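**Student:** Next comes the sequence, and after it the predicted model I'd like to discuss.
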Amino acid sequence: MARDLAHLSDEAVVALVARSDETALAELYDRYGRVAYGLACRMLRDRALAEDAVQEGFLAVWRNAHRFVPERAKASTWILTLIHRRTVDIVRREERRRADALELAPEPVTDSADESAWLHLQRERVQSALKQLPDPQREALELAYYGGFTQAELAERLGQPIGTIKSRMFTGLSRMRELLRESEEMAWSR
Amino acid sequence: MESLTIHDLTAAYALGALDATESRQYEDHLATCEVCREQLAELGGAASALAFAVESPAPPEALRSRILVSARAERPNVVPLRSRRTAAIAAIAAVAAVAAVAAIGLGIWASSLSNSLDRERSARQKVERLLADPTNTRVGVSGTNTGTLFVGRDDQATLVVSGLERAPSGRTYEAWVIKGNKPVRAGTFSGGRTTTVVPLEHQVPSGSIVAVTLEREPGADAPHGKILLHSESA
């Protein structure tokens, strides 16, 4: 597969997608399709549904690329957010899958041996940041992001006031951001 | 701990943990709150990083082509054949155009997550009708923004532009049909929508192009402003 766009930033590739350039959409898929699929598999525990979620997510990228504003988010964040939103929609539609998200044990390693070194490094970074969070914060982030629970549902499930859930998510996510930034700086200074 | 206000919905929004109603309310708030937009830019990155923490099995090969085929079916390529050099230049130009729009404060990135805005929906429905009509020819539009010109078999045409900022007070956008260097008025419009849909008041015969300038209200008989947008040859 030609990778003519490989030298362009994500943001530039999204700009090409906004001009209906299919090659650019293929490039974005080659960069983020695998992460997207991994996320959707984790959230939905069903490969067919995960494929639907990824397809809908990338079509949302295709339809909305002209609305992407680089000042507001990195392109990778924007793309993964669209994928996540579609997946959350499906999770909420498929009520039965959500209980599974409570199991936080890692999935059996399937065929991720061939993934890129970059992807592997990213996973280690984010997992290590997650591990450093206090349990209640990590639990709130994981149930919200992977489980697709709303803050009201989380409050009920965890038997906590909604204000507590909000502040756990806020504090946890702020801390994640700091930890990720630190690990990025470390990677650069190595 | 800081006090909890509407601002603190930012984390829940970034994590996708708001229900549909709360999401809409938060997006409305976001449109008017620079503090939240900045915070979302920060927390949104941390939330989406969580996608990387899970195992990533390789997706099936067929998924890639299915996505590309669906994309093509939805919106056939308006710029199908370009050299890579042109593509790179176009990308830079497009980023610059997007940045210019952003600088003026139009649009929030998160708005693309929501289908809740009715006026956007009606513009989108119009565009969907245009897309669904196989007799329309699609012509690429570029310049400060990107768009598509849809030309029907009777040469009736509709111009669709993305993210065009609202015309300044006392000014109006004016569309022109240009054939053989002779511009003919084709209607005025104000922009300011995510998607601006302009049915042109003049036919677009084969071989002509459509251009847009900014003119004084209520529009001019001949273009005075600089060409902001122009189509390829229809």
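**Tutor:** Great, that's in hand. Numbering: from 1, shown residues only, chains lettered A, B, ... in the order given.
**Student:** which residues touch the residue positioned nearest the centre of chain B?
**Tutor:** Nearest to the geometric centre of chain B sits B:S162, at 2.5 Å (C-alpha atoms, centre = their mean). Contact analysis of B:S162 by C-beta atoms under 8 Å, 6 or more residues apart in numbering or on different chains lists A:A18, A:H66, A:R67, B:N145, B:T146, B:G147, B:T194, B:T195, B:T196. From N, CA and C alone the C-beta is placed, and that goes for glycine too.
**Student:** go with 6 Å
**Tutor:** Taking C-beta atoms under 6 Å, 6 or more residues apart in numbering or on different chains, we find B:S162 in contact with A:H66, B:N145, B:T146, B:G147.
**Student:** By residue count, tell me the biggest helix in chain A.
**Tutor:** Ranked by number of residues, the top helix in chain A under DSSP state H is helix A:162-189.
**Student:** elements contacting that one?
**Tutor:** If you count contacts as 3 or more C-beta pairs under 6 Å, 6 or more residues apart in numbering or on different chains; DSSP states H and E, helix A:162-189 packs onto helix A:117-131, helix A:135-145, helix A:151-158, helix B:9-14, helix B:34-49.
**Student:** What angle do helix B:34-49 and it make with each other?
**Tutor:** Going by axes from the mean of the first three to the mean of the last three C-alpha atoms, to 10 degrees, helix A:162-189 is angled at 70 degrees with respect to helix B:34-49.
**Student:** what does the average pLDDT come to for helix A:162-189?
**Tutor:** Per-residue pLDDT values across helix A:162-189 average out to 88.
**Student:** And that helix, what's buried?
**Tutor:** Residues of helix A:162-189 classed as buried by neighbour count (16 or more other C-beta atoms under 10 Å in any protein chain shown): A:164-177, A:179-180, A:183.
**Student:** And stretch B:155-163, by the same measure?
**Tutor:** Across stretch B:155-163, burial judged by 16+ other C-beta under 10 Å covers B:D155, B:A157, B:T158, B:L159, B:V160, B:V161, B:S162, B:G163.
**Student:** Tell me the secondary structure at the first one.
**Tutor:** On the three-state scheme (DSSP: H, G, I helix; E, B strand; the rest coil), B:D155 is labelled coil.
**Student:** for the fifth one, same thing?
**Tutor:** Remark: B:V160 carries the secondary structure label strand [criterion: three-state DSSP].
**Student:** Point out where chain A drops to low pLDDT.
**Tutor:** A:1-3, A:96-115, A:186-190 (pLDDT under 70).
**Student:** At the geometric centre of it, which residue sits there?
**Tutor:** A:L80 (4.9 Å).
**Student:** quick one: buried residues of whichever strand or helix holds that one?
**Tutor:** In the assignment (DSSP states H and E), A:L80 maps to helix A:75-93. By 16+ other C-beta under 10 Å, the buried positions in helix A:75-93 come out as A:75-88, A:90-92.
**Student:** got it, and stretch A:30-41?
**Tutor:** For stretch A:30-41, by 16+ other C-beta under 10 Å, it's A:R31, A:Y32, A:G33, A:R34, A:V35, A:A36, A:Y37, A:G38, A:L39, A:A40, A:C41.
**Student:** can you list contacts of it?
**Tutor:** Taking contacts as C-beta under 6 Å, 6+ apart, the residues outside stretch A:30-41 that touch it are A:A50, A:A53, A:V54, A:G57, A:I79, A:I83, A:T87, B:A51, B:V54, B:E55, B:S56, B:P59.
**Student:** Output it as PDB, nothing but the C-alphas.
**Tutor:** Backbone C-alpha positions of stretch A:30-41 (Å, rounded to 0.1, in the frame of the first residue of the first chain) are rendered in PDB as follows:
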ATOM      1  CA  ASP A  30      -3.500   3.100   8.700                       C
ATOM      2  CA  ARG A  31      -2.400   5.400  11.500                       C
ATOM      3  CA  TYR A  32      -5.300   5.000  13.900                       C
ATOM      4  CA  GLY A  33      -7.500   2.000  12.700                       C
ATOM      5  CA  ARG A  34      -5.700  -0.400  14.900                       C
ATOM      6  CA  VAL A  35      -6.000   1.600  18.100                       C
ATOM      7  CA  ALA A  36      -9.600   2.300  17.300                       C
ATOM      8  CA  TYR A  37     -10.300  -1.300  16.800                       C
ATOM      9  CA  GLY A  38      -8.600  -2.300  20.000                       C
ATOM     10  CA  LEU A  39     -10.600   0.300  21.900                       C
ATOM     11  CA  ALA A  40     -13.900  -0.800  20.300                       C
ATOM     12  CA  CYS A  41     -13.100  -4.500  21.000                       C
END
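**Student:** centre of the chain versus it, how much separation?
**Tutor:** Stretch A:30-41 has its C-alpha centroid displaced from the chain centroid by 8 Å (C-alpha atoms, centre = their mean, to the nearest Å).
**Student:** what do you get for stretch A:75-84?
**Tutor:** From the chain centre to the centre of stretch A:75-84 is a distance of 7 Å (C-alpha atoms, centre = their mean).
**Student:** do the same with stretch B:135-148
**Tutor:** Distance of stretch B:135-148 from its chain centroid, counting by C-alpha atoms, centre = their mean, is 11 Å.
**Student:** got it, and stretch B:171-187?
**Tutor:** Counting by C-alpha atoms, centre = their mean, stretch B:171-187 is centred 22 Å from the centre of its parent chain.
**Student:** can you give me the end-to-end distance of that stretch?
**Tutor:** Using C-alpha to C-alpha, to the nearest Å, one end of stretch B:171-187 lies 13 Å from the other.
**Student:** Need the contact partners of that stretch.
**Tutor:** B:167, B:188-189, B:191, B:200-202, B:204, B:208-215, B:217, B:219, B:223.
**Student:** swap in stretch B:140-152?
**Tutor:** A:18-19, B:78-79, B:97, B:130, B:136-139, B:157-164, B:204, B:210, B:228-232, B:234.
**Student:** Would you mind checking those for buried ones?
**Tutor:** Applying 16+ other C-beta under 10 Å to the contacts of stretch B:140-152 flags A:18-19, B:78-79, B:97, B:130, B:136, B:138-139, B:157-164, B:204, B:210, B:228-231, B:234 as buried.
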